[in-house]
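Q: please find the sequence and the predicted model below.
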Amino acid sequence: MFRASSQQAEAMAAKSGTFAALLARAGLTGPLTILEGNGGYKEVVAGALDENVLRKRPDEFLLLTSCVKLWPCVFVAQAPIAAALNLRRQRKVSPGEIKNIVIYLSAFSYEQQKKFLAAGLSSRESADHSAPYCVARALLDGEVRLEHFDEKSFSEPRAVALFEKVSLARADTLPDKASVRLEVQLYDGGTLYEEVLYPPGHTENPVGEIEIVEKFRALSENVLGAENTKKISDIVLHMETAPNAAALLDRTVRDSREGPKPGSGAVFGKLSELLFVDAIRAYLETQSAQNGWTAGLKDRTVSRALALIHRNPDAEWTLESLARAVGVSRTALADHFTRSTGAAPMQYLSQWRLRLAAAGPLRRRREGKSVLYRIVDPRLELLCDTVCASIRERTESGSAA
């Protein structure tokens with residue numbers, strides 16, 4: 001057995017996904033509740049799981065409270081890097097002047113980092129997970145780049161010498177687990193201090209478009225080339241106005257035709273997600289029907305009602321309870337729904353229940369079971385439910401024949 005590392009994550013994900021697809025093709029099925037069910041991640045792997053984190057709430061997306069790493073290393077090292085760069089800008093201290101460096105960390109960060117400090121520098125993973133090494137590199141070069149975590153860089157004598165001057169200390173008074181206080185003691189008796197409460201990219205210290213584009217440029221130019229990197233940045237920044245992802249995909253894969261390059265996995269790893277979303281959009285755009293569930297998706301009120309019906313078809317829905325859940329009056333819901341789908345809300349609900357009953361047993365699903373669906377757009381849930389029900393109907397009718 002080998003110890004999995006971040007460098008193997010994408011390969012292992014591809015292997016697991018392929019294996020799962022082969023099992024599915026062979027007819028193996030599993031529980032809907034793969035995260036919170038009896039045989040799911042919560043019980044089998046984690047032992048505990050806050051289901052509220054997985055549920056989608058109206059106008060509340062966890063993505064908006066996620067942090068961004070400005071430098072290509074562990075998040076705990078982001079504030080120490082920022083502090084080191086601030087000190088370097090304020091006073092250009094040469095490595096020879098530095099007697100020792102103390103990084104004061106929160107309890108969480110300290111416990112994590114003391115393991116990496118004790119292990120030393122032996123691999124890319126040990127380097128990019130080491131706040132002491134990242135601080136040493138920031139003080140040496142005034143920046144932290146992806147290539148700094150190659151063996152040639154972390155084995156460099158001047159980097160090793162400065163790294164060995166770094167020690168860690170625990171500071172329970174820091175306000176956030178990502179906060180840091182940096183102390184640099186000089187041979188002349190002076191001491192420099194810098195404190196960063198929230199690193200750049202933290203929700204309390206967000207970065208702007210310029211910083212994100214610069215990070216993308218630094219990570220991508222060696223893979224895509226300067227011209228393609230610039231054009232991809234421009235496309236992504238205006239993605240909401242683009243008709244589809246064709247231009248982005250063309251620019252992204254153009255240089256890959258020449259063969260794999262360093263960092264290709266990081267650049268291309270998420271393309272399948274982009275393709276899936278674009279395929280869903282293209283499908284919906286091709287639906288020209290004036291009524292029906294696809295037409296209903298174009299109406300915000302109807303789309304919400306459809307998502308509720310498909311998510312929980314066996315709930316004791318009434319026109320009043322459905323309208324309350326959507327946040328409109330009964331009259332408004334009935335008017336929007338009938339005009340968009342060609343059926344009244346309760347009529348549509350009855351038809352959907354009959355379709356599910358014909359496709360298979362209608363199982364009671366408690367609130368929270370379809371966790372994965374609520375992470376994404378409810379319209380995708382509706383599309384998936386409809387497609388799956390159609391497949392089951394055709395399969396069973398084919399078997400009966």
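A: It's in.
Q: thinking residue 132 is in contact with residue 162, fair?
A: No - using Cβ atoms under 8 Å as the test, residue 132 is too far from residue 162 to be in contact (9.1 Å). To be clear about C-beta, it is placed using only N, CA and C from the backbone, and glycine gets the same treatment.
Q: quickly list what's touching both of these two.
A: residue 101 (Cβ atoms under 8 Å, 6 or more residues apart in numbering).
Q: residue 319 - nearest residue in space that isn't next to it in sequence?
A: residue 330 (5.1 Å; Cβ to Cβ, 6 or more residues apart in numbering).
Q: likewise residue 142?
A: Closest to residue 142 by Cβ to Cβ, 6+ apart is residue 88, at 5.5 Å.
Q: and the one you found, what does it touch?
A: 138-139, 142.
Q: in those residues, which residue is surrounded by the most others?
A: residue 139 (25 neighbours; other Cβ atoms under 10 Å).
Q: and the closest residue to residue 209 other than its chain neighbours, how far is that from residue 66?
A: Excluding the flanking residues, the one nearest residue 209 by Cβ to Cβ, 6+ apart is residue 237, at 6.8 Å. Separation of residue 237 from residue 66 (Cβ to Cβ, to the nearest Å): 19 Å.
Q: comparing those two, which residue is more hemmed in?
A: residue 237 (12 against 9).
Q: and the more buried one, how far is that from residue 219?
A: 16 Å.
Q: for burial, what's the neighbour tally of residue 295?
A: Residue 295, neighbours per other Cβ under 10 Å, totals 17.
Q: hang on, it packs against residue 343?
A: No - contact criterion Cβ under 8 Å: residue 295 and residue 343 do not qualify, at 11.2 Å.
Q: how about the helix or strand residue 136 falls within: buried residues?
A: If you go by DSSP states H and E, residue 136 is part of helix 131-141. By 16 or more other Cβ atoms under 10 Å, the buried positions in helix 131-141 come out as 131-140.
Q: looking at those, spot the one nearest residue 179.
A: Distance from residue 179 was checked for each of the buried residues of helix 131-141 by Cβ to Cβ. The minimum falls on residue 131, at 12.3 Å.
Q: so what's the closest one closest to, chain neighbours aside?
A: residue 77 (4.1 Å).
Q: need the three-state assignment for the one you found.
A: helix (DSSP: H, G, I helix; E, B strand; the rest coil).
Q: where's it relative to residue 191, distance?
A: 22 Å.
Q: who has more neighbours, the two?
A: The neighbour comparison of residue 77 against residue 191 (other Cβ under 10 Å) goes to residue 77, with 30 against 10.
Q: domain assignment for this structure?
A: 75-196, 209-286, 293-400 (automatic domain parsing).
Q: closest to residue 48 out of those?
A: domain 293-400 (15.1 Å).
Q: quick one: average pLDDT of that closest one?
A: Mean pLDDT, computed over domain 293-400, is 70.
Q: cool, and stretch 173-185?
A: 93.
Q: buried set for the strand or helix carrying residue 99?
A: Per DSSP H and E, residue 99 falls inside strand 98-105. Neighbour counts using 16+ other Cβ under 10 Å place 98, 101-105 of strand 98-105 among the buried residues.
Q: where does residue 194 land in three-state SS?
A: strand.
Q: in contact with it: list those residues for me.
A: Contacts of residue 194 (Cβ under 8 Å, 6+ apart): 83-84, 86-87, 90, 181-182.
Q: show me which of those are buried.
A: 83-84, 87, 181-182.
Q: which ones among the residues you listed are found in strands?
A: Among the buried ones among the contacts of residue 194, the residues falling in strands (DSSP state E) are 181-182.
Q: these two touch, right, residue 146 and residue 216?
A: No - between residue 146 and residue 216 there is no contact under Cβ under 8 Å: 11.9 Å.
Q: I'd say residue 320 and residue 330 touch.
A: Yes - with contacts counted by Cβ under 8 Å, residue 320 reaches residue 330, the gap being 5.7 Å.
Q: quick one: residue 343 from residue 146, how far?
A: 55 Å.
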